[in-house]
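[1] I would like the atomic coordinates for the input below:
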Amino acid sequence: MKLARQTTGPSRSATIATMAAALLSLAPAASGAPPWGTPYMQPGIAIVTCIGPDLDGFSNPVPASSAYTCGLLDLRNPTPPLYGINGPLAPLWNPPCHHEPSWTAENLGMLFGSEIDADGNMYVAAGGLYPAAYGAAFYRQYGALGGGPTDLSAAGTIYQIDRITGVPAVFSVLPQQSTDLGAGFVSGPGVGNVAYDADFDQFFATNLEDGLIYRIPAGGGPPVGTPFDPLTPDSGAPGMPPVNDRLWGISVHNKQVYYAVWNTGYTDDEGKIRRVDLDPVDIDHQALPAICLHGDLKHLDLLSG
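    Now for the predicted structure:
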């Protein structure tokens, strides 16, 4: 499961977070390890990403080395009186949460995309589209582990977090070009999102810089094959493609890749989720330089309202 969420509050801690939860068997009671032993990731644990705040809830400075941009939530054991209550009067539940010391704005930078593989290893991706207004209260920068605050490699980095040790490492890097992202922050726009393909043990990722889908082998490293360009061919210009050619969300299910197209959102130009089939022959043999997607493109219109 992936969930995008934005919250605001008097502490100025507005975040855009994604959650990828391993919900293989979400049970009413926790059944092992955390909080917070190992393995870090188990069924019912969620990984959450955000941009690191430079102030706490009391307006005290928070150094980049302590501003977390990644965390784990134990969702396996909700408080029974709070479970299932909906609406504006629903009480908030603060589940057990965990951050490793290395999951910070300094080390990993601002993050958006997240994923979990079949073994429980976790993946988080650099994301640079947090609004420029966040720069006054948040660390609008990429991570030192990927190359540095404005480094282009860091802007395109997908990190793997080991399920046993919790240690992050560079998993793969998507190409980026420098562009002004607002308020003088010049770097690449980052990765859209990343998805694990359990059928063929590989990954797909959307790239905000060029509107392409990249295929990444299970062991990481550079993307393989020719990136898939489902819409207008990329011009090669720095920065994001025009609206209607931008890809963000991505998921894989039943040998099909689903990806979201960023449209204007107006009537007759709603955002769309498109679908394309995987070609198992090409994936098995890797004989062709294509991304191993085939078939007619199909799309599902998102309902407006």
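
[2] what ranges do the helices span in the stretch 101-250 of the chain?
    152-155 (DSSP state H, counting those that start in this stretch).

[3] low-scoring pLDDT stretches of it, where are they?
    135 (pLDDT under 70).

[4] residue boundaries of the strands in it?
    For the stretch 101-250 of the chain, strands defined by DSSP state E, counting those that start in this stretch occupy the ranges 111-116, 122-126, 157-161, 168-173, 179-180, 186-187, 191-197, 202-207, 213-217, 224-228, 246-253.

[5] quick one, which of these is nearest to Pro39?
    With CB to CB as the criterion, Pro39 lies closest to strand 122-126 of the strands of the stretch 101-250 of the chain, at 10.3 Å. For the C-beta atoms, the positions are set from N, CA and C on the backbone; glycine is no exception.

[6] Sheet-wise, list the partners of the closest one with their directions.
    strand 111-116 (antiparallel), strand 157-161 (antiparallel) (DSSP bridges).

[7] Now tabulate these in CSV and tack on mean neighbour count.
    Listed next are the strands paired with strand 122-126 as CSV, based on neighbours: other CB atoms under 10 Å:
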stretch, mean neighbour count
strand 111-116, 26
strand 157-161, 25
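
[8] Mind putting the ones you listed into a markdown table with distance to Pro149?
    Converted to a markdown table, those look like this (distance: least, CB to CB, whole Å):
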| stretch | distance to Pro149 |
| --- | --- |
| strand 111-116 | 14 |
| strand 157-161 | 13 |
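
[9] show me what contacts Met110?
    50-52, 69, 126-128, 130, 138-142 (CB atoms under 8 Å, 6 or more residues apart in numbering).

[10] Please name the nearest non-neighbouring residue to it.
    Ile51 (4.2 Å; CB to CB, 6 or more residues apart in numbering).

[11] The one you found touches Thr69, doesn't it?
    Yes: counting by CB atoms under 8 Å, Ile51 does reach Thr69; the two are 6.4 Å apart.
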